[in-house]
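K.L.:
Fold the following and give me the result.
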Amino acid sequence: MKAHPTAIVHSQAQIADRVTVGPYSIIGDGVELGEDCEVMSHVVVEGPTRIGKHNRIVPFAIVGLPCQDLKYHGEPTRLEIGDDNVIREFVTLHRGTVEGGGVTRIGHHNFLMAYVHIAHDCRLGDHIIMANGASLAGHVEIGDHAMVGAFCGIHQFCRIGAYSFLGSYSVINRDILPYSRTSAERPVGVYGANRVGLERRGLAQQDIDELDAAFRLLSRSKFNTTQALEAIDARSFQSEHVRALVDFIKTSQRGVVK
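P.N.:
Now for the predicted structure:
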């Protein structure tokens, strides 16, 4: 480990090889930092927090502090972060609560831009981009490859589906469909499959075309949700991604944005 003389690293912190800690940063008790992590200046990391390999945390990020839930009274909870994440300026990542399972979890290869807030008990997958000022209330789940626009506000217990694109300034209180392109206009609405994003992620053209057809039944027909799902089943789509879309809708607890 290479730590600047002004950095404060707790004696019980577990620091792997080739970690650098910049000026005036604080690494607290119960923190685990994996190999090749870079903690720049003026960063605070409190534990219990486990951070994987090759993560970069830039100045003024606050990682692993107790949550802001008023029901939290100091119980032992934790934050877990995977590998190859970028955590930018003034990002705040909070530990979980006992009621929510005790852990906030962030996967791999995520890019959290300036002022992003991730509250207690959230679950983030891999390859997610959250733009400046996007905020998650407690217990939010975000699927792999999702993109959350700047200054979005996500209500507690909502799910943001995999491969979805959520426009800036959106206020979300229902689940966002996977593979969808959702606008911040009022009311928030789905504008079909996220074709550009899906092509960039390498989905086959047949998968994209079938997803587009499924979205037309969901959001552009006169069907209600039950009727749209029946119509999708009747079409006998072959794509596993269409099946994932249908399963997401059927398991929603808050309803979905259509």
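K.L.:
least trustworthy helix or strand in this protein by mean pLDDT?
P.N.:
Ranking every helix and strand in the chain by mean pLDDT, DSSP states H and E puts strand 189-193 at the bottom, with a mean of 85.
K.L.:
And the average pLDDT for stretch 18-29 is what?
P.N.:
In this model, stretch 18-29 has an average pLDDT of 97.
K.L.:
Other residues contacting that stretch?
P.N.:
Identification of contacts with stretch 18-29 by CB atoms under 8 Å, 6 or more residues apart in numbering yields 1-4, 6-10, 12-13, 15, 33-47, 59, 64. For the C-beta atoms, the positions are set from N, CA and C on the backbone; glycine is no exception.
K.L.:
What subset of the residues you listed is buried?
P.N.:
3, 7, 9-10, 13, 15, 33-34, 36-40, 42-47, 59, 64 (16 or more other CB atoms under 10 Å).
K.L.:
For the stretch 51-200 of the chain, which segments are assigned as helices?
P.N.:
Assigned by DSSP state H, counting those that start in this stretch, the stretch 51-200 of the chain shows helices spanning 195-200.
K.L.:
what bits of it have low per-residue confidence?
P.N.:
Where the stretch 51-200 of the chain drops to pLDDT under 70, the residues are 186.
K.L.:
at 80 instead, please
P.N.:
Within the stretch 51-200 of the chain, the ranges that satisfy pLDDT under 80 run 184-187.
K.L.:
quick one on the thing from earlier: using CSV, write out every CA atom in the least confident helix or strand of the chain.
P.N.:
Presented in CSV, the C-alpha positions along strand 189-193 are these (Å, rounded to 0.1, in the frame of the first residue of the first chain):
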residue,chain,number,x,y,z
GLY,A,189,-43.8,6.9,-20.4
VAL,A,190,-42.1,4.2,-22.4
TYR,A,191,-41.2,5.0,-26.0
GLY,A,192,-40.4,1.5,-27.2
ALA,A,193,-37.3,-0.6,-27.1
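K.L.:
could you say what helices and strands it packs with?
P.N.:
Strand 189-193 sits against strand 180-183, helix 205-215, with contacts defined as 3 or more CB pairs under 8 Å, 6 or more residues apart in numbering; DSSP states H and E.
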